[in-house]
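Engineer: need a 3D model of the following:
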Amino acid sequence: MKILKAAAWLLVIGLLIVTAVPAAERPETRLQHDLEHFLAFALAGMVVALAYSSRLPILVAAAFAFTLVLEIHANSIANSIDDTAC
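Structural biologist: Okay, the predicted model is just below:
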């Protein structure tokens with residue numbers, strides 16, 4: 001169970017890092033952006049849910065808040081880059 005929890009936290013930290021980095025500097029795959037985004041969050045969500053299955057109601061709320069904060073942060077970075085380019 002400790003390995004699963006460690007993997008869950010590594011995936012969450014990975015999502016944070018990849019989201020904070022400007023799009024031009026992110027690793028690229030051959031997948032469509034939306035599919036890549038979905039798969040990354042789905043994998044992280046499944047591993048976190050398996051690692052902390054006894055706390056599912058809290059996980060659902062935390063996952064929603066986590067995703068919301070990441071998306072707001074990513075959009076603010078994109079907007080600040082667009083403002084700088086003008």
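Engineer: please look at Gly45 and Ala63 and confirm they touch.
Structural biologist: Yes. The criterion here is Cβ atoms under 8 Å, and Gly45 meets it with Ala63 at 6.0 Å. Where C-beta positions appear, they are placed from N, C-alpha and C, glycine not excepted.
Engineer: joint contacts of these two?
Structural biologist: Common neighbours of Gly45 and Ala63, using Cβ atoms under 8 Å, 6 or more residues apart in numbering, do not exist here.
Engineer: list the buried residues for stretch 11-19?
Structural biologist: For stretch 11-19, burial by neighbour count (16 or more other Cβ atoms under 10 Å) applies to Leu11, Val12, Leu15, Val18, Thr19.
Engineer: more crowded one of Gly45 and Ala63?
Structural biologist: Neighbours per residue, other Cβ atoms under 10 Å: of Gly45 and Ala63, the larger number sits with Gly45, 19 against 16.
Engineer: what strand or helix carries that one?
Structural biologist: When elements are assigned from DSSP states H and E, Gly45 belongs to helix 33-51.
Engineer: likewise for Leu68?
Structural biologist: helix 56-85.
Engineer: read off the pLDDT value for Ala51.
Structural biologist: Per-residue pLDDT puts Ala51 at 91.
Engineer: same check, this time on Thr84
Structural biologist: Model confidence at Thr84 (pLDDT) stands at 55.
Engineer: re the thing from before, got the buried residues of stretch 11-19 as JSON lines, with pLDDT and secondary structure columns?
Structural biologist: Conversion of the buried residues of stretch 11-19 to JSON lines gives the following (pLDDT from 0 to 100; DSSP: H, G, I helix; E, B strand; the rest coil):
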{"residue": "Leu11", "pLDDT": "95", "secondary structure": "helix"}
{"residue": "Val12", "pLDDT": "91", "secondary structure": "helix"}
{"residue": "Leu15", "pLDDT": "87", "secondary structure": "helix"}
{"residue": "Val18", "pLDDT": "85", "secondary structure": "helix"}
{"residue": "Thr19", "pLDDT": "79", "secondary structure": "helix"}
